[in-house]
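**Q** Show me how the following folds:
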Amino acid sequence: MTLRDEINTAMKQAMRDRAAERLSTLRLITAAIKDRDIAARSEGEDRSGVDDGEILSILAKMVKQRQESARTYEEGGRLDLAEREISEIGVIEEFLPKQLSEGEVNAAIKAIVAEVGANSIRDMGKVMGALKAQYTGQMDFGKVGPMVKDALNQG
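**A** You can find the predicted model right below:
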């Protein structure tokens, strides 16, 4: 079952359960996926839609946006809106793979550095590209970048 199918199944179940907030978040997810499908078609890519890898990146981006919004709402004293963003994050994260621990991220970085033969900071792009290809949705690449830099500087 593809990720797209899982999301559609969850949406149908939310409709049956009359879970309005969950349904709303699932509809936002499907709308974002359809937007990416349309963008891919307009770029001339002849596919039936975006693949699971691209859907994972859409979901990761949605989580990041909601984390930033929740932080902004909390700073502004709008806890009701922050809680809504956090509940949306919970629904979106159901479809993301389990986040790797810091130890697992470090091990993954070391493995990729060895795999691509990276030996200087100039190879950072290669390492980040390989990490994104293998671990999309499993790690926060904003936090991983400095860790990769450290690993390459030590090597």
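**Q** This structure: helices as residue ranges?
**A** Assigned by DSSP state H, the chain shows helices spanning 3-17, 20-42, 52-75, 79-93, 102-116, 124-135, 141-154.
**Q** Which elements pack onto the first one?
**A** Okay, so that is helix 3-17. Applying 3 or more Cβ pairs under 8 Å, 6 or more residues apart in numbering; DSSP states H and E, we find helix 3-17 packed against helix 20-42, helix 52-75. C-betas here are computed from N, CA, C, even on glycine.
**Q** just the longest one next, same as before
**A** For helix 52-75, the contact count by 3+ Cβ pairs under 8 Å, 6+ apart identifies helix 3-17, helix 20-42, helix 79-93 as packing neighbours.
**Q** will you turn the ones you listed into TSV that also has distance to residue 149?
**A** Listed next are the helices and strands packed on helix 52-75 as TSV, based on distance: least, Cβ to Cβ, whole Å:
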stretch	distance to residue 149
helix 3-17	31
helix 20-42	30
helix 79-93	27
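**Q** Throw the ones you listed into a markdown table and include mean neighbour count and mean pLDDT, thanks.
**A** Putting the helices and strands packed on helix 52-75 into a markdown table (neighbours: other Cβ atoms under 10 Å; pLDDT from 0 to 100) gives the following:
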| stretch | mean neighbour count | mean pLDDT |
| --- | --- | --- |
| helix 3-17 | 15 | 95 |
| helix 20-42 | 15 | 93 |
| helix 79-93 | 17 | 94 |
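**Q** Format the helices and strands packed on helix 3-17 as TSV; extra columns: distance to residue 124.
**A** Formatted as TSV, the helices and strands packed on helix 3-17 follow (distance: least, Cβ to Cβ, whole Å):
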stretch	distance to residue 124
helix 20-42	27
helix 52-75	19
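**Q** Ok, which of these comes nearest residue 81?
**A** Among the helices and strands packed on helix 3-17, helix 52-75 comes nearest to residue 81, with 4.3 Å by Cβ to Cβ.
**Q** buried residues in that closest one?
**A** 54-60, 62-63, 66, 69-70, 73 (16 or more other Cβ atoms under 10 Å).
**Q** Ignoring the adjacent residues along the chain, who's closest to residue 71?
**A** Nearest residue to residue 71, sequence neighbours excluded (Cβ to Cβ, 6 or more residues apart in numbering): residue 82, at 7.9 Å.
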